[in-house]
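**Q** Turn this into a structure:
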Amino acid sequence: MNKVSFYAMVVFYLVAGLNHFLNPEFYLPLIPGYLPKPHLLNLMSGLAEVGLALTLLFRSTRRWAALGIVCMLVTFIPAHLHFIQAGHCVGNLCVPPWVGWARLLIIHPVLIGWAWKARGFSEAV
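**A** Okay, here's the model as predicted:
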């Protein structure tokens, strides 16, 4: 993993995490109805993304942060399945059916692989 890819990941998760606090109305419809306390889950997701992005910055915590991102992404799979089962329309977000499948089968594994590679980034910050 090169330096640009690593710092892009940090910024990606930092911005995504902050967005949970700034635009919760985007995320709330994506949380499956069978999960309790969607507002709390949204805040926890945002906090996890911000926290993991920041802990990626330190070599001493990087491996655990990267593994935490992998685990976090796995916990997001029910939201992707919910989106697909909802007919690719939740809240105000409506996209063609292939987008939901692409998110689950292509983008999500790429994000997991990206995080997996980050655990070995050796530059100190």
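**Q** How about the contacts made by residue 76?
**A** With contact taken as Cβ atoms under 8 Å, 6 or more residues apart in numbering, residue 76 is in contact with 45, 108. C-betas here are computed from N, CA, C, even on glycine.
**Q** Could you do residue 49 as well?
**A** 13, 14, 16, 17, 20, 72 are the contacts of residue 49 under Cβ under 8 Å, 6+ apart.
**Q** Apply 6 Å and report the result again.
**A** Contact analysis of residue 49 by Cβ atoms under 6 Å, 6 or more residues apart in numbering lists 13, 16, 17.
**Q** Helix or strand: which one has it?
**A** Taking DSSP states H and E as the definition, residue 49 sits inside helix 38-56.
**Q** Please state the offset of that helix from the chain centre?
**A** Here helix 38-56 is found 9 Å from its chain centre; the criterion is Cα atoms, centre = their mean, to the nearest Å.
**Q** average pLDDT across it?
**A** Mean per-residue pLDDT for helix 38-56: 97.
**Q** Likewise for stretch 103-118?
**A** 95.
**Q** Name the residues that touch that stretch?
**A** With Cβ under 6 Å, 6+ apart as the test, stretch 103-118 has contacts from 1, 9, 66, 69, 70, 73, 80.
**Q** Now for the fifth one, how many residues are close by?
**A** In this case it means residue 70. For residue 70, the count of nearby residues is 18 (other Cβ atoms under 10 Å).
**Q** OK, contacts around it?
**A** Residues in contact with residue 70, defined by Cβ under 6 Å, 6+ apart, are 112, 115.
**Q** Looking at the contacts of stretch 103-118, state which has the most neighbours.
**A** residue 69 (25 neighbours).
**Q** Next, give phi and psi for the residue nearest to it when sequence neighbours are not counted.
**A** In space, and not counting its chain neighbours, residue 69 is closest to residue 115: 3.9 Å by Cβ to Cβ, 6 or more residues apart in numbering. Main-chain torsions, residue 115, degrees, to the nearest 10: phi -70, psi -40.
**Q** separation between residue 115 and residue 23?
**A** 23 Å (Cβ to Cβ, to the nearest Å).
**Q** go on, residue 98?
**A** Applying Cβ to Cβ, the value for residue 98 to residue 23 is 24 Å.
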